[in-house]
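Peer 1: Quick one, what's the 3D model for this:
(3 chains)
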Amino acid sequence: MERTISRNSGESSLFAAAIRESLFAGLISLGLFIMLVGLKTDQNIRNELVIEQRWGLLASLVALTMVGRFLYVLFVRPALERRKLQKARVAPKAAEKSYLARNWTKFAVLFLFIYPVLMVLMFGLQGSLKWVDNFGIQVLIYVMLAWGLNIVVGLAGLLDLGYVAFYAVGAYSYALLGTQFGWSFWILLPAAGLMAAFWGVILGFPVLRLRGDYLAIVTLAFGEIIRLVIINWREVTNGAAGVSGIPKVTFFGLFDFNISSPYYIAKVFDIAQSGVYYKIFLYYLILLLALLTAFVTIRLRRLPVGRAWEALREDEIACRSLGINTTNTKLTAFAIGAMFGGFAGAFFAARQGFVSPESFVFLESAIIVAIVVLGGMGSLTGIAIAALVTIGGTEILREMQFLKVIFGPDFTPELYRMLLFGIAMVIVMVWKPRGFVSSREPTAFLHERKAVSSAFTKEGHG
Amino acid sequence: MAAKPLLQVEVVETYYGNIRALGGVDVAVNEGEIVALIGANGAGKSTLMMTIFGNPRARAGTITFAGTDITHMPTHEIARLRIAQSPEGRRIFPRMTVLENLQMGASLDNLQYFDEDVEKVFTLFPRLKERMSQRGGTLSGGEQQMLSIGRALMARPKLLLLDEPSLGLAPLIVRQIFDAIRQLNKTEGLTVFLVEQNAFGALKLADRGYVMVNGRVTMSGSGRDLLADPEVRAAYLEGGRH
Amino acid sequence: MEYFIQQLINGLTLGSIYGLIAIGYTMVYGIIGMINFAHGDVFMVGAFGALITFLLLLGLFYSVPVAVALLIMMVVAALLTSLYNWAIEKVAYRPLRGSFRLAPLITAIGMSIALSNFVQVTQGPRNKPIPPMVSKVYTIDTISISLKQIIIVVVTAILLAIFWYVVNRTSLGRAQRACEQDMKMAALLGIDVDRTISITFIMGAALAAVAGTLFLMYYGVVVFSDGFVPGVKAFTAAVLGGIGSIPGAVIGGLLIGFIESMWSAYFSIDYKDVAAFSILAIVLIFLPSGILGRPEVEKV
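Peer 2: Next up, the predicted model:
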């Protein structure tokens, strides 16, 4: 593992090193996998645990590791080192961006607007369902959540590991008020946002003096507390069973998506009945909500409060000495971030028609934080890309039926979704600790905009 | 000077990111010598001291110690060749006692000669003996400086690197520390390479000296010659600290 | 009163397990200042290692003395988790040392997700029950103490004594403390910092494996998701005791154990995890340096 090879020691010693390291890696992976992969605990008919042996699987895993390590040492690492050396030599130069690159976001947004139409054209009404709902809406929900959390983490530098709590507050606000009082989505959406913002302030208050890791852990605890309260407060929340029968969203009361209703969209417009309309409608709804989040974020960054957030991220003490009220600054960040979480939650409840505490586990918070960090903390484009890669990638994995041909009919790709997600999180962080888009445009500049490498921006302490 | 120098630094370049801190530095320290490196703030003196230890690593050039190329060696292995450093900022372990700090210095030999060596350090700096079981973080600046030097000596070094031993200390303590260095050099034959802003004191103490400006060595010579040099006098001595 | 003492004993047992896990958190946090979020899952891997060893022993031999079986389980589990933690540190955390502070925390969360799902994929998602290993119960008046509880407390005490000795009296412990306080200086004094950090991860993992074995013996069941909640509670214990302090981790573990068993006994068992999380929040907010911790000096 140690870099014993010097640059000019030639091919043969590199080859020898590759062999040596691949043997070493094989040995390590043998040690790691021999018990957990080679031996499987299973229950027999009498409900006793017995051990099933899987030496073939173990051998192939170890072999895979060895080949991987061998190729890495022989080809990938030298290439990486060459690139690093070249990079060190060539001073970074700001390249003139092409027309496409300059207007990239405009094209991306345009594409998002025509995406459902494209899908319907390509796969037909029924066929597009999967792509609009499972893929499009799913990714956009996470884009919105991550953009909302970005206000707290990326701008204000407050690491929040319990963001899913506000998502839950929003979802339950709509679910409970919607089912109990039958209020419309359009009234409850702002209500859910306000409710979440309120909780953002409530939870924000006690953690004002905390910083960094401790803040992260306390917010994690708050997230778990809210979830556990939802589970255990059965009289109101129906406990782990969840709330079902949540009303659908209507198009401002003009028409709706219940087949039995007189204003059903197919009747109003006299077109064929299909569930896809509702999904496409939801798609545009979440797209607009997400764009609203982005718009607000961009505007806020130019306002004093946004500047204060970024200043807070860089240096809290300097902030205070400049007369910035750090208490209010932090609380507004929590509240606004939470509000968008609440919006997303209300949307989620409306989309699913059912909410249960299952949907608001810590893993969700971790995924959202991961998206923000992978996206480069603060870069909206980066975050959107990260959401697309992580959520879209794991959704696509469900579709990879051809893997069954390789791994046999018992292979269920869904099972590996979270495993791969975790591994990908580690690999991406190690490879690009600053995230995908690691530079950002300054909000204040003289004469010309210069990209600021995020290596120069701090993650904040509090 | 027929023999090869104990420490030889040849055209070493060091960078922080893309910023060049050392631009081709040549320095040699012979066995038994006291060599001083003087220069203004930010000239790269401390960077050179740390580059010798491979942290930051030199991007070009070679560093040899006692015939071994140490340019690419890990820091701890360089230390194991018996180079000891009292670094910039003293870097005392704040939550260890004075005695434990000294034990850390002797960890190369696994405390084999500890009792013997610690007595030597205590005779050199009697103050440390009084403060033996006090935590490092609670010592005064001068005491910390003594402890830092003492800790470096515990490693039984062939070469001692001292980074600004006089920084922020009262003149009396500075003299005490400089006396100790001279005594070690005379009685034990210890080779010393020290960095100083206190050019007058350092050049008076040293056999030879180097002047560093903006990451380059601009002048070298015997301590006495440099002291007499008008340029050196103008830049580092007159109106400066004595 | 008897009921109270009974709960005290239960709390002591639980607390011992939390304390053992907490040491891993506290040592790693002490030395490289990161929350090793995957540590709870390393504990879970340890429990699985013990489980598989137990089943192997059951299959290979007609009967094994319980003490021997437990010892073998602990050793095998400790070897397994040591290898895991060593590899995790090397692959996932070392490249990020000196990077910005959130990066290792995020990788650790990724590692935690990967580990628990790895075990889910390879060992299946169902609960893994084993027949009771130790069932003897002693009764004094109306208070009952099971042999399991005695084993847990005794094993914990022995390990603590060994660890206390290693950290405070050996050169390895001195090197660890030196790295904790000033890594750069430690390297200047000839200490192999990478190796010291690796050993720290291995030590923490070994303790977590023992905790995992004891957990398996006590509850007789383990499942892939068992890493998260004990992990968070152990982290709470580490913070409560003062992060970076080994005796603190144990005291914190015992406190969390007591609070949890008292809460379940006198208030509501449903809300026992809420209690643990609330304590975590309260401690971090009002007593961030813990009971035995050092106050964090903020440099300006």
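Peer 1: what residues does chain B put near chain A?
Peer 2: Contact residues (Cβ under 8 Å from any Cβ of the partner chain) of chain B with chain A: B:Asn18, B:Arg59, B:His72. Placement of C-beta: from N, CA and C, glycine included.
Peer 1: residues touching A:Val132, list them.
Peer 2: A:Tyr115, A:Pro116, A:Met119, A:Val276, A:Lys279, A:Ile280, A:Tyr283 (Cβ atoms under 8 Å, 6 or more residues apart in numbering or on different chains).
Peer 1: how about those in a markdown table, adding neighbour count, distance to chain B and secondary structure?
Peer 2: What follows is these, written out as a markdown table (neighbours: other Cβ atoms under 10 Å in any protein chain shown; distance: Cβ to the nearest Cβ, whole Å; DSSP: H, G, I helix; E, B strand; the rest coil):
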| residue | neighbour count | distance to chain B | secondary structure |
| --- | --- | --- | --- |
| A:Tyr115 | 20 | 41 | helix |
| A:Pro116 | 22 | 46 | helix |
| A:Met119 | 22 | 46 | helix |
| A:Val276 | 21 | 53 | helix |
| A:Lys279 | 21 | 50 | helix |
| A:Ile280 | 23 | 50 | helix |
| A:Tyr283 | 24 | 45 | helix |
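Peer 1: Tell me the one among these nearest to A:Ile202.
Peer 2: Of all the contacts of A:Val132, A:Ile202 sits closest to A:Tyr283, with 32.9 Å by Cβ to Cβ.
Peer 1: List of residues touching the longest helix along chain B?
Peer 2: Counting by DSSP state H, the longest helix found in chain B is helix B:171-188. Helix B:171-188 is contacted from outside by B:32, B:34, B:124-125, B:142, B:145-146, B:149, B:153, B:160, B:162, B:165-166, B:169, B:190-192, B:194, B:198, B:201, B:205, using Cβ under 8 Å, 6+ apart.
Peer 1: how about C:Pro288, secondary structure?
Peer 2: Classification of C:Pro288 by DSSP: H, G, I helix; E, B strand; the rest coil places it in coil.
Peer 1: A:Ile170 contacts A:Gly345, doesn't it?
Peer 2: Slight slip there: residue A:170 is Gly, not Ile. Yes - at 2.5 Å, A:Gly170 and A:Gly345 qualify as touching, with contact defined as Cβ atoms under 8 Å.
Peer 1: can I see the domain layout of chain B?
Peer 2: Following automatic domain parsing, one finds the domains of chain B at B:1-82+B:157-236, B:89-156.
Peer 1: end-to-end on the last one?
Peer 2: In domain B:89-156, first residue to last residue: 22 Å (Cα to Cα, to the nearest Å).
Peer 1: repeat for stretch C:215-233
Peer 2: Terminal-residue distance, stretch C:215-233 (Cα to Cα): 14 Å.
Peer 1: Also stretch A:351-361?
Peer 2: Using Cα to Cα, one end of stretch A:351-361 lies 19 Å from the other.
Peer 1: Rounded mean pLDDT for that stretch, please.
Peer 2: Mean pLDDT, computed over stretch A:351-361, is 90.
Peer 1: for stretch A:153-161, same thing?
Peer 2: Here the average pLDDT along stretch A:153-161 is 87.
Peer 1: So which of the domains of chain B is nearest A:Phe205?
Peer 2: Taking the domains of chain B one by one with Cβ to Cβ, domain B:89-156 is closest: 33.6 Å.
Peer 1: So for that closest one, mean pLDDT?
Peer 2: 91.
Peer 1: neighbours of residue 251, just the number please.
Peer 2: No chain in the question, so chain A it is. 15 (other Cβ atoms under 10 Å in any protein chain shown).
Peer 1: actually it's chain C I care about, not the one you picked
Peer 2: 21.
Peer 1: so where's the chain uncertain?
Peer 2: Using chain A. Counting by pLDDT under 70, chain A contains low-confidence ranges at A:1-11, A:87-98, A:100-101, A:253-254, A:259, A:263, A:266-267, A:272, A:400-414, A:437-462.
Peer 1: Chain B was what I was after
Peer 2: Within chain B, the ranges that satisfy pLDDT under 70 run B:1-3, B:238-242.
Peer 1: one step back: please pick the buried ones from the residues of chain B next to chain A.
Peer 2: Among these, none scores as buried (criterion: 16 or more other Cβ atoms under 10 Å in any protein chain shown).
Peer 1: Inside helices: which ones of those?
Peer 2: Checked against DSSP H, these include nothing in helices.
Peer 1: picking up where we left off before, nearest to chain C, out of the contacts of A:Val132: which one, please.
Peer 2: A:Tyr283 (28.2 Å; Cβ to the nearest Cβ).
Peer 1: Give me the distance between stretch A:47-57 and the centre of its chain.
Peer 2: Distance of stretch A:47-57 from the chain centroid (Cα atoms, centre = their mean, to the nearest Å) equals 36 Å.
Peer 1: That one near chain C anywhere?
Peer 2: Yes - judged by Cβ under 8 Å from any Cβ, stretch A:47-57 and chain C are in contact via A:Glu48, A:Leu49, A:Val50, A:Ile51.
Peer 1: check which helix or strand covers C:Leu254.
Peer 2: helix C:246-266 (DSSP states H and E).
Peer 1: I misspoke; the intended subject was C:Thr53.
Peer 2: Per DSSP H and E: C:Thr53 is located in helix C:39-60.
Peer 1: That helix: which residues count as buried?
Peer 2: Neighbour-count burial for helix C:39-60 [16+ other Cβ under 10 Å]: C:39-58.
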